[in-house]
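Undergrad: my questions are about this predicted structure, shown below with the sequence.
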Amino acid sequence: METILFIFLKFMYYSLIGYLIEIVFAFIKDHKYVNRGFLIGPYCSIYGVAGLVLSTFNPNMNVVLLFLLSMACCGIIEGGTGFILDKVFNMRWWDYSKVPLNIHGYVCLKFMLLFGLFSLIGVYLLNPIFSSLYRYLDDNVKMLIFIPLVIIYVIDLVVSTILIIKIKKIIDPKDRNNTTLIINTKKKMLLDFIR
């Protein structure tokens with residue numbers, strides 16, 4: 001159970017950090033708050049997966065090798081996720097097709113370089129912070145954090161999937177690469193449901 005607890009909490013830690021990165025990036029680009037993730041809550045699972053993978057890397061390896069390996073892993077995770085979301089839902093949450101040196105719009109060199117840099121920050125700074133926090137917490141506190149997070153995450157995953165399936169039915173196929181339209185439609189459906 002301890003391993004599951006550790007892995008899930010680290011996944012959520014990196015998912016939250018990824019969410020914050022996406023929020024800041026969207027704010028700089030669009031000058032407004034945008035929840036760009038697939039899920040409703042304040043976490044981006046793709047960053048959680050990348051964080052888990054990158055946390056297995058040895059921080060003592062050559063920094064250039066670590067950068068290149070991290071860049072490649074993040075590219076595979078981002079490209080694979082984009083491809084799967086596109087094929088399963090026939091929608092894109094990001095599209096780099098207009099950015100130079102891209103692969104089918106799923107990944108591009110510019111962001112792979114940026115993810116490589118973020119990965120170094122993760123390996124050298126964020127992993128040690130998480131490990132220290134995790135060791136510091138009492139087992140009961142860990143469970144008090146773990147149980148609600150799992151419940152919230154699973155509910156979010158189910159609700160978000162249902163919403164995206166509904167959105168797919170109402171958005172014109174030519175607009176399914178329009179991230180802003182997908183996000184705004186999802187937000188409107190949520191607000192309508194709450195009202």
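TA: Right, received. Where do you want to start?
Undergrad: in the chain, which spans are strands?
TA: Applying DSSP state E to the chain gives strands spanning 102-103, 107-108.
Undergrad: hmm, who's touching the first one?
TA: Defining contact as CB atoms under 8 Å, 6 or more residues apart in numbering, one finds that strand 102-103 is touched by 79, 96, 108-109. Bear in mind the C-beta positions are built from the backbone N, C-alpha and C, glycine included.
Undergrad: which of those residues are buried?
TA: For the contacts of strand 102-103, a burial check counting by 16 or more other CB atoms under 10 Å picks out 79, 96, 108.
Undergrad: sorry, back to before: so which of the contacts of strand 102-103 is the closest to residue 15?
TA: Nearest to residue 15 among those is residue 79, at 18.8 Å by CB to CB.
Undergrad: for this protein, which helix is longest?
TA: Taking DSSP state H as the criterion, the chain has its longest helix at helix 139-170.
Undergrad: for the residue lying closest to residue 110 once chain neighbours are set aside, phi and psi?
TA: Spatial nearest neighbour of residue 110, chain neighbours left out: residue 99 (5.9 Å); criterion: CB to CB, 6 or more residues apart in numbering. Here is the backbone geometry of residue 99 (degrees, to the nearest 10): phi -90, psi 130.
Undergrad: helices or strands next to the helix or strand of the chain with the lowest mean pLDDT in the packing?
TA: When each helix and strand of the chain is scored by mean pLDDT, DSSP states H and E, helix 179-194 comes last, with a mean of 79. Identification of packing neighbours for helix 179-194 by 3 or more CB pairs under 8 Å, 6 or more residues apart in numbering; DSSP states H and E yields helix 139-170.
Undergrad: can you give me the buried ones in the helix it packs on?
TA: Neighbour-count burial for helix 139-170, counted by 16+ other CB under 10 Å, picks out 146, 149, 153, 156, 160, 163-164, 167-168.
Undergrad: ditto for stretch 64-84
TA: By neighbour count, with 16+ other CB under 10 Å as the criterion, the buried positions of stretch 64-84 are 66-67, 69-71, 73-75, 77-79, 81-83.
Undergrad: dump the contacts of strand 102-103 into JSON lines; add distance to residue 11 as well.
TA: Formatted as JSON lines, the contacts of strand 102-103 follow (distance: CB to CB, whole Å):
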{"residue": "79", "distance to residue 11": "20"}
{"residue": "96", "distance to residue 11": "25"}
{"residue": "108", "distance to residue 11": "25"}
{"residue": "109", "distance to residue 11": "27"}
